[in-house]
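> just to be clear, the model below is a prediction. Sequence and coordinates:
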Amino acid sequence: MDPVANPYAPGAGRTPAALVGRDRQREAWRVGLDRVERGRTAQPVVLYGLRGVGKTVLLSSFRTAAAQRGWVVAQVEAGRGGTSSGAGSRAGLRGAIGEALHVPLVDLARPSAGRRLLAALRTALSFKASYDTAGTWNFGVDLSEASGGGADTGVFEADLAKLVRDVAAGAAEEGVGLALLVDEAQDATADELAALCAVAHAAGQQDWPVLVALAGLPSLPRVLAEAKSYAERLFVYERIEQLPPEAAVEALVAPAVAEGVHWTDGAVELVVGATGGYPYFLQQFGQECWNEAEGTTIAHADARVGAARGRAALDDGFFRSRWDRATTAEQAYLRAMAADGDAGSPSGEVAARLGRKVASLGPARASLIAKGLVYAPEHGVVAFTVPGMADFIERQPAG
């Protein structure tokens, strides 16, 4: 079939043609937007799960829902530093948030802006100065008489609180709110996580018109609790997992139907089973099956070939890129984990398989966690962050 018309979109954070199986989380976010717009508060949200389950896609749908209402929205990725190659990229989460807020604030800036919005603009300028003393912003309005500022103390928690409070107040003056969304939040530093928790807490206590959503790996709830003891009571925690069978079927079938293409029952069953319902895998396999089929039907034979090609594509990209990031010693550690599949491995068992003491493997374990290849679901246990990684490792020749 025509590859140009192929409706499937594998890729990190790419929105699928049919975003299914997440209606409850999206509705809860909509309710939160409504509550804030009516002068009430809404609890901040944490989305956590393995890679490939669609956390970033869901977080982006939150951003879109807020932006469509005219909200001031900042979506950033922790650990990357910024949204550009400028100062924000060198200043961690502080710079990322500052740069992400610049464009929406520029869109609101005008000479007739209200007092609170002008104060928010001045505070944003001071926040910019806290991480980029050489850079300047020009909002095109005279802020010499405006209040605001003071978000340049160098203490991230205090500066972020001042920024969020003032920007939210300025947004409220426009009849909207502020949405702050942080992806890969487990990669934020302890101080950055503590600041995010403190700001989300203050927003709820002081009725700021703010919605906060964080997304990350399964370790995120634990690292948040380590950053602030009250984090376990602060957020609504949503574990994002693979799609249930009926939603996985819809994710495959609905985009094809929109293009006048039909999946046979056998073809759908084969792909849903082969992917385990993981959204990223469904998109990859769906793309390959579409490209293999002819006419207007994706049959079982097409699905069989498409599944093989999809698996090869995942091996060459999704899995291989992670495997190759590990050193030889780290790959040995991963091989020892693979014997337990994706369920997780006791650290003591991994050490026993390698003929080593647990303590001696601490550096390799820490490095693998830092690289995002494994996480610790509980004390003394490690697990892969990527579904299917164990099977991939078992298929690799021993070096």
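Alright, I've got the coordinates.
> now do the end-to-end distance for stretch 141-158.
Taking CA to CA, to the nearest Å as the measure, stretch 141-158 stretches 26 Å from start to finish.
> now swap in stretch 359-376 and tell me
Stretch 359-376 has its terminal residues 16 Å apart, counting by CA to CA.
> okay, helices next: where are they in the stretch 1-150 of the chain?
Residue ranges of the helices in the stretch 1-150 of the chain, as given by DSSP state H, counting those that start in this stretch, are 23-37, 55-68, 92-108, 115-131.
> would you mind giving those as JSON lines with mean pLDDT and mean neighbour count added?
Where C-beta positions appear, they are placed from N, C-alpha and C, glycine not excepted. Supplementary listing: these in JSON lines, determined by pLDDT from 0 to 100; neighbours: other CB atoms under 10 Å:
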{"stretch": "helix 23-37", "mean pLDDT": "97", "mean neighbour count": "16"}
{"stretch": "helix 55-68", "mean pLDDT": "97", "mean neighbour count": "20"}
{"stretch": "helix 92-108", "mean pLDDT": "96", "mean neighbour count": "22"}
{"stretch": "helix 115-131", "mean pLDDT": "95", "mean neighbour count": "23"}
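> mind putting those helices into CSV with distance to R395?
Below are the helices of the stretch 1-150 of the chain laid out as CSV (distance: least, CB to CB, whole Å):
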stretch, distance to R395
helix 23-37, 34
helix 55-68, 26
helix 92-108, 37
helix 115-131, 45
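> of those, which is nearest H300?
For H300, the closest of those is helix 55-68, at 28.7 Å, according to CB to CB.
> hmm, who's touching that closest one?
Outside helix 55-68, the residues within contact range by CB atoms under 8 Å, 6 or more residues apart in numbering are 12-16, 19, 22, 25-26, 29-30, 33, 45, 47-49, 73, 75, 177, 179, 181, 183, 211, 213, 215-216, 240, 279.
> distance between it and the chain's centre?
Centroid displacement of helix 55-68 relative to its chain, using CA atoms, centre = their mean, to the nearest Å, is 10 Å.
> rewinding a little: could you flag which of the contacts of helix 55-68 are buried?
Buried members of the contacts of helix 55-68, counted by 16 or more other CB atoms under 10 Å: 16, 19, 22, 25, 29, 33, 45, 47-49, 73, 75, 177, 179, 181, 183, 211, 213, 215-216, 240, 279.
> buried residues in the lowest-mean-pLDDT helix or strand in the chain?
Of all the helices and strands that make up the chain, the one with the lowest confidence by mean pLDDT, DSSP states H and E is strand 374-378; it has a mean of 90. Counting neighbours by 16+ other CB under 10 Å, one finds that the buried residues in strand 374-378 are V374, Y375, A376.
> wait, a strand at L211?
Yes - assigned with DSSP: H, G, I helix; E, B strand; the rest coil, L211 falls within a strand.
> my read: it touches A42, true?
Yes - shown here, L211 and A42 form a contact pair, counting by CB atoms under 8 Å, at 5.7 Å.
> overlap in contacts, those two.
Here L211 and A42 share the contacting residues G32, L33, V36, scored by CB under 8 Å, 6+ apart.
> make JSON lines out of those and add distance to E232.
Rendered in JSON lines, the data for the shared contacts of L211 and A42 read as follows (distance: CB to CB, whole Å):
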{"residue": "G32", "distance to E232": "19"}
{"residue": "L33", "distance to E232": "25"}
{"residue": "V36", "distance to E232": "23"}
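> which of those residues sits closest to A258?
Proximity of the shared contacts of L211 and A42 to A258, judged by CB to CB, is greatest for L33, which lies at 27.6 Å.
> what's the first-to-last distance across stretch 327-346?
Start and end residues of stretch 327-346 are separated by 21 Å (CA to CA).
> if we look at it, which residues are touching it?
When contacts are taken as CB under 8 Å, 6+ apart, the neighbours of stretch 327-346 outside the stretch itself are 323, 326, 349-350, 353-354, 361, 364-365, 367-368, 373-374, 377, 380-384, 387-391, 393-394, 398-399.
> please flag which of those sit within strands.
V374, P377, V381, V382, A383, F384 (DSSP state E).
> and the two most separated of those?
Greatest spacing in the ones in strands among the contacts of stretch 327-346, by CB to CB: V381 and F384 (11.7 Å).
> more neighbours, the two?
Neighbour tally, V381 and F384, criterion other CB atoms under 10 Å: the higher count belongs to F384, 26 against 17.
> okay, the ones in strands among the contacts of stretch 327-346 in JSON lines with distance to T153 next?
Converted to JSON lines, these look like this (distance: CB to CB, whole Å):
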{"residue": "V374", "distance to T153": "37"}
{"residue": "P377", "distance to T153": "37"}
{"residue": "V381", "distance to T153": "40"}
{"residue": "V382", "distance to T153": "39"}
{"residue": "A383", "distance to T153": "40"}
{"residue": "F384", "distance to T153": "41"}
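> and which of those residues is nearest to E173?
Of all the ones in strands among the contacts of stretch 327-346, E173 sits closest to P377, with 44.5 Å by CB to CB.
> doesn't P218 make contact with the closest one?
Yes - between P377 and P218 a contact is recorded at 6.0 Å, counting by CB under 8 Å.
> spit out the residues that contact the two alike.
Here P377 and P218 have A383 as joint contacts, going by CB under 8 Å, 6+ apart.
> how far away is A65 from G49?
For A65, the distance to G49 under the criterion CB to CB, to the nearest Å works out to 20 Å.
> same check on A339?
As defined by CB to CB, A339 lies at a distance of 24 Å from G49.
> do the same with L117
37 Å.
> same thing with A398?
For A398, the distance to G49 under the criterion CB to CB works out to 31 Å.
> what about the strands in the stretch 201-350 of the chain?
With DSSP state E, counting those that start in this stretch, the ranges of strands along the stretch 201-350 of the chain come out as 210-216, 236-239, 262-263, 297-298, 345-346.
> need the winner for burial among those.
Scoring the strands of the stretch 201-350 of the chain by mean neighbour count under mean count of other CB atoms under 10 Å gives strand 210-216 as the most buried, with a mean of 27.
> ok, residues contacting that one?
Here strand 210-216 makes contact (CB under 8 Å, 6+ apart) with 29, 32-33, 36, 42, 44-48, 55-56, 58-59, 62, 66, 78, 164, 168, 177-187, 196, 199-200, 203, 220, 224, 235.
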